[in-house]
Structures are given as structure tokens and as C-alpha cells.
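Q: 3D model of this:
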Amino acid sequence: MDAIQQHNVSYICSSGADVGCSSYYDPGLAAYGTCVRNGCCAYSAQITESTLCDQAPAETCCFRNNVCSDDFCFDVYGTWVSQYRFSGSQADVDQGFAALKEKGVKRVLFNVWANGVIFANSATAQAAGVQFGNDRLAWAVQSARQYGLELYAWFEYGSMACYGSAPSNQFANTASANGWLLYNMVNGQPVYNTDGTGDFVFMDISLQPVRDFLVGISRDIVANYDIDGIQYDDHFALPSGFSSVDSMGQSSRYSQTESLMQAIKDASKSIKPSIHVSFSPSSLLFSRSKHNVDWADWVLRGVVEEVMPQYYRTTAADFKRTLEEDLALITRSDQVVAGIRLSGSSFPENTPQSEVDQMIQISYSKGLKGISFWFADNVILGPYFVPFLRYC
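A: Here you go, the predicted structure:
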């Protein structure tokens, strides 16, 4: 059975015929094995030896509970494509999307806005001094339709103007001249970074021209491209640590971010009612304290149609702890898609496969809407092997 078929057939566990697994006794766990879908074995108490299960690697020999009930499934299985690889030409995009289709990915979150550059046509962006990189989103639309993938325009930089400690690109300089940037005056000099910003320069989204800019680029891209959704992430923020922000009351700060996201959603749906609006924040307590984003309230009020928190941890234990902290504070786990880290700059090493597999199992057991991998390179090129997932 080839890789594409593995992800599209109606899967039935065949443990009765898998005598290799059912007759295998694990003395450490004091149990015989049962073949279950890969990704469904609790606590990774499994053996992936291909001779034990007839449909390996789609199934695995498990010595603990099968956490995937017969009627449970993920609505979302996605991954983020960055500005660096598998996006620089039509051939690059096609290569990446073809590999993602083969590996069972259903949704691609494709970068269109980064460091003062937009990779799609937008009159709003052009008027604001944004550099046009090239029309990468047109390439992504072509490949997504060819391979039957959901395509979301991912606005990676959100309300950030640039990377660094001061304006460093054409757009950021224009934004600075227009008075759009957040900063503190220290010893007579502007300081653009705080504990809530990291090494990035943010725009002040309490200003109407900034709000109009973000609503405008979102609306333009929805109007100009055949996409299924849009996504902003943790870089959509009104960061704490600036005097102009901290002087507001907490409810006012939360209201600024929520009302802007609502305006983005309303403008996008006025163009295309079926467009799906997703948000990928940091964990809830960090989002509230550092970014003035109360995304639990957004879920409750329907400001966004799903949240995809970045639970980027290198161990399943840390992933589970952070996820459970958030789930205790929100009303609906079925609106949560877990962002799972395969690799990234925060840690030099890849997350071990066994830890990622456990994170998937935890996501099943908590009844989440799905999962999304940070980021696509590791799915396309390895070393991570994507397990079989059951889709709704």
C-alpha cells in the first residue's frame, strides 16, 4: 500500500491477523501486543518492527491503551511553509506540496508576510511602502489545487515591522516616519524592544492607520487569491513594556487586539464568506501578559474559528503540561489545533521522534481538533516519519 493510500483508506485494525504482535509478550510491560493505528498507542509503549503488524508502518504493535476510539478523528493536519525553503519558485513550491500530499498533510500554512516583504499582490501593502518579493502565493494556489491541499495565507510578521533592534527595511522606515512604531524614549533615544517583543520592532495597533493597514492586506489577499483561510500568529500583538501600552487598562489592551482581529475577520468574510480565520498564539498566560491577547475569549466569542497554539516543546511531558494549563482556562478543546515542534531556532536539536509521537497521542486523548507541525522542512525532508492519522 503506497503512502497516499495509507492516508485515505478507511482504516480497520487487523490485530486478529497480526499474530506476530498478538503473540509477542513484553515482560517489562507484562502484556501482549495489539496492532493499532500509528500515533494511537498511549505513552509510546509500542514496537514498530515491521514484521509484527500486517499494515506497518501505518499501524504499530502496542502494549498500552489505544487512545484513538473508532469514531475519533482529526479535522486538521497541517504544517507551516516558511519564507526560506520550498517557496522561492514554482518548482520549489510544487516539490514541497507534492511531498506533503504524499505524506498525508491536509493543510499548508504558507508564508505571505515577513520582515517588510509581501509575497502576494496587495494594493494596501504597496501604498504603505511594503516591498513586493514575488507572487509566491500564486504558485502556492496552483500547487495546492493540483494536489488537493487546503491553503492558508500565513501572515507571519503580523503587527511586526521588522526583525532587529531598530527600523531596518523600507517598510519599517516608512512606518517610523508615519509614527506607526512602538518605542520608549530612554536617555533621549528610541528603544524599540521590550520583554514582550524579543528582537523585533512592532507597530502600534491602537493607531487607526495601522489597523487599516492590517485589515487591508488581509482583505486584498482574500480578494485576489483562491485560498481557504488566513492565519495570524503570536506576532499579532500589542506588546507590554511600552509606556503607551502599559498606561492603558488591561481590558482596553485586550479590546484593542480583539477588535482588530474581529475587523480582519469581518473584512475577509465580506469578500469571501467561506474563508476560515485561524490564529496561532503563544500559550494563553504568556499571550495575556506579554502580548495583551486573550485568545480564550476570542474562542468563546467566535472572533476566530480555531486557535493553533504553539506548544513548541522538546518533550511530551512539557507539551502535556502546557496544553493542560491552557485547556483548564478555555471552554472548548475541539477548537484547539496543537502546534507541535519538529525543529526550530529556540533549541538547536530536533525534537526526538518518540516525543513527537507521544505529543500526537496526547492530542488525540484530549479531543483536540488536530495538529500542525513546525515546520514543513522536517516533514518533507525528514528525519521525522509522519504516522498514519485518522481524518474526519
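
Q: Tell me which stretches of this structure form helices.
A: In the chain, the helices defined using DSSP state H lie at 3-6, 19-22, 90-102, 123-127, 136-147, 170-177, 208-224, 243-246, 250-271, 284-286, 295-301, 316-327, 353-365, 376-381.

Q: what comes up buried for the fourth one?
A: When neighbours are counted by 16 or more other CB atoms under 10 Å, the buried residues of helix 123-127 are found to be 124-125. Glycine gets a C-beta too; all of them are placed from N, C-alpha and C.

Q: likewise the shortest one?
A: Of the residues in helix 284-286, those with enough neighbours to count as buried (16+ other CB under 10 Å) are 284, 286.

Q: Ok, which of the helices of the chain comes nearest residue 110?
A: Of all these, helix 136-147 sits nearest to residue 110, with 4.6 Å by CB to CB.

Q: Give the other helices and strands that the closest one contacts.
A: With contacts defined as 3 or more CB pairs under 8 Å, 6 or more residues apart in numbering; DSSP states H and E, helix 136-147 has these neighbours: helix 90-102, strand 107-111, strand 150-155.

Q: Highest mean neighbour count out of those?
A: A comparison of the helices and strands packed on helix 136-147 by mean neighbour count, using mean count of other CB atoms under 10 Å, puts strand 107-111 on top with a mean of 27.

Q: hang on, the earlier thing: okay if I get the helices and strands packed on helix 136-147 as JSON lines plus mean pLDDT and distance to residue 174?
A: Shown next, in JSON lines, are those (pLDDT from 0 to 100; distance: least, CB to CB, whole Å):
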{"stretch": "helix 90-102", "mean pLDDT": "97", "distance to residue 174": "29"}
{"stretch": "strand 107-111", "mean pLDDT": "98", "distance to residue 174": "21"}
{"stretch": "strand 150-155", "mean pLDDT": "98", "distance to residue 174": "18"}
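
Q: Any buried residues in stretch 332-352, and which?
A: Those would be 335-343, 350-351, for stretch 332-352 by 16+ other CB under 10 Å.

Q: Just the ones in strands from those, please.
A: 337-341 (DSSP state E).

Q: I'd like those laid out as a markdown table, including pLDDT.
A: As requested, those are exported to a markdown table (pLDDT from 0 to 100):
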| residue | pLDDT |
| --- | --- |
| 337 | 98 |
| 338 | 98 |
| 339 | 98 |
| 340 | 98 |
| 341 | 97 |
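
Q: nearest to residue 76, of the helices of the chain?
A: When the helices of the chain are compared (using CB to CB), the closest one is helix 353-365, at 10.4 Å.

Q: Extract the C-alpha set from that closest one and format it as PDB.
A: Below are the C-alpha coordinates for helix 353-365, written out as PDB (Å, rounded to 0.1, in the frame of the first residue of the first chain):
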ATOM      1  CA  GLN A 353      10.500  11.200  17.100                       C
ATOM      2  CA  SER A 354       9.400   9.300  20.100                       C
ATOM      3  CA  GLU A 355       8.500  12.600  21.900                       C
ATOM      4  CA  VAL A 356       6.600  13.900  18.800                       C
ATOM      5  CA  ASP A 357       4.700  10.600  18.600                       C
ATOM      6  CA  GLN A 358       3.600  11.000  22.200                       C
ATOM      7  CA  MET A 359       2.500  14.600  21.600                       C
ATOM      8  CA  ILE A 360       0.200  13.300  18.800                       C
ATOM      9  CA  GLN A 361      -1.200  10.700  21.200                       C
ATOM     10  CA  ILE A 362      -1.800  13.300  23.800                       C
ATOM     11  CA  SER A 363      -3.600  15.500  21.200                       C
ATOM     12  CA  TYR A 364      -5.900  12.500  20.400                       C
ATOM     13  CA  SER A 365      -6.600  11.800  24.000                       C
END
